[in-house]
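S.K.: could you look at this predicted model? Sequence included:
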Amino acid sequence: MKFTVVGASGFIGSALMKQLCATENHQVFVPEKNAAELFIQPLGHVIYAAGVTADFRRRPFDTLRAHVSLLAELLERAEFDSLLYLSSARIYRHAEHTGEEAAIFLRSHDPEDYYDLTKLSGEALCFASMRKNVRAVRLSNVVGTDFRSSNFLFELIRAACDHGHIELRSALDSEKDYVLVEDVVRILPEIAMHGHEQCYNLATGCNLRHAAIVDAIKDATGASFSVVLGAPRHVVPQINIQRLQAEFGFHADEVLPRIPELVGEYRKYHDAKSRS
């Protein structure tokens with residue numbers, strides 16, 4: 001079985017590449033972005049993991065190119081058996097519910113909505129292309145050993161390990177969904193090959209409070225913490241994963257018990273970086 005991973009240098013793409021390479025009988029093609037090889041050979045099952053995440057505000061043109069422009073070329077010119085586009089559950093911030101058929105409300109003048117607009121443009125292009133076996137997956141916040149990430153959880157781990165203190169800029173009762181990268185890369189190939197629907201939410205389906213995350217990091221590091229005066233409360237809608245559960249029997253492991261392990265891995269990473 002041939003898979004092509006677009007964006008294999010990123011966090012999810014690299015983890016997916018390792019997962020696929022470790023699976024017997026899988027051939028994995030990892031091209032550079034805009035490589036001519038994308039358009040001169042059959043690509044098999046394409047998983048499109050290219051993207052710009054935390055720094056999208058500073059890189060609007062790169063964000064558009066990553067989320068839409070190369071995708072458009074692949075949909076128009078490439079030969080593939082299926083294409084799975086990695087989108088984001090962030091788009092539900094203003095929605096009335098988090099089912100895949102929800103109407104999404106965004107504001108073009110709001111810089112915070114720009115990322116969501118590009119992801120939705122990518123999704124819309126997938127479906128408008130009318131090509132067979134083209135799907136989208138809306139991911140929640142993916143957690144793993146990506147210590148360069150500006151993900152909220154890793155910012156707290158870095159602060160606790162490097163400075164011994166966590167300063168929260170959002171209220172302790174803020175909450176959102178986190179899903180382990182191992183669960184993500186396990187199910188993505190199954191969706192790519194066997195999915196019956198055009199769009200799937202991929203999350204744990206259960207929000208995790210900031211207070212619980214802080215307590216777990218404190219227990220693992222001994223760090224102190226404080227909350228900025230007047231810190232706002234941010235609550236992300238709980239993601240509906242019934243479609244993924246019904247079709248694939250999907251179940252995600254809890255993130256909270258993994259925090260001590262992530263702290264340990266970060267310390268190893270930091271020590272190795274300091275010695276180099």
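M.R.: Now that the structure is in, tell me what you want to look at.
S.K.: assumed Ala50 was part of a strand.
M.R.: No: using DSSP: H, G, I helix; E, B strand; the rest coil, the assignment for Ala50 is coil, not a strand.
S.K.: now do it, the pLDDT please.
M.R.: Looking at Ala50, its pLDDT is 92.
S.K.: what's the neighbour count on it?
M.R.: 20 (other C-beta atoms under 10 Å). Quick note: C-beta positions are derived from backbone N, CA and C, even for glycine.
S.K.: pretty sure it is touching Ser69, no?
M.R.: No: between Ala50 and Ser69 there is no contact, the gap being 10.0 Å when judged by C-beta atoms under 8 Å.
S.K.: show me what the longest helix belonging to the chain is packed against.
M.R.: Scanning the chain for the longest helix, with DSSP state H as the assignment, gives helix 259-275. Helices and strands touching helix 259-275, by 3 or more C-beta pairs under 8 Å, 6 or more residues apart in numbering; DSSP states H and E, are helix 152-163, helix 210-221.
S.K.: for the first one, the distance to its chain's centre please.
M.R.: When you say that, I think you mean helix 152-163. 20 Å (C-alpha atoms, centre = their mean, to the nearest Å).
S.K.: just stretch 261-275 next, same as before
M.R.: Using C-alpha atoms, centre = their mean, the offset of stretch 261-275 from its chain centre is 23 Å.
S.K.: gap between the closest residue to Val143 other than its chain neighbours and Arg243?
M.R.: Using C-beta to C-beta, 6 or more residues apart in numbering and skipping the chain neighbours, the partner closest in space to Val143 is Tyr178 (5.0 Å). In this structure, Tyr178 and Arg243 are 20 Å apart, going by C-beta to C-beta, to the nearest Å.
S.K.: just the helices in the stretch 1-150 of the chain please.
M.R.: 11-21, 60-64, 70-77, 114-128 (DSSP state H, counting those that start in this stretch).
S.K.: pipe the ones you listed into JSON lines and attach mean pLDDT, mean neighbour count and distance to Lys273 per row.
M.R.: Converted to JSON lines, those look like this (pLDDT from 0 to 100; neighbours: other C-beta atoms under 10 Å; distance: least, C-beta to C-beta, whole Å):
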{"stretch": "helix 11-21", "mean pLDDT": "93", "mean neighbour count": "20", "distance to Lys273": "17"}
{"stretch": "helix 60-64", "mean pLDDT": "92", "mean neighbour count": "15", "distance to Lys273": "26"}
{"stretch": "helix 70-77", "mean pLDDT": "96", "mean neighbour count": "17", "distance to Lys273": "31"}
{"stretch": "helix 114-128", "mean pLDDT": "96", "mean neighbour count": "20", "distance to Lys273": "29"}
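S.K.: done for today, thanks.
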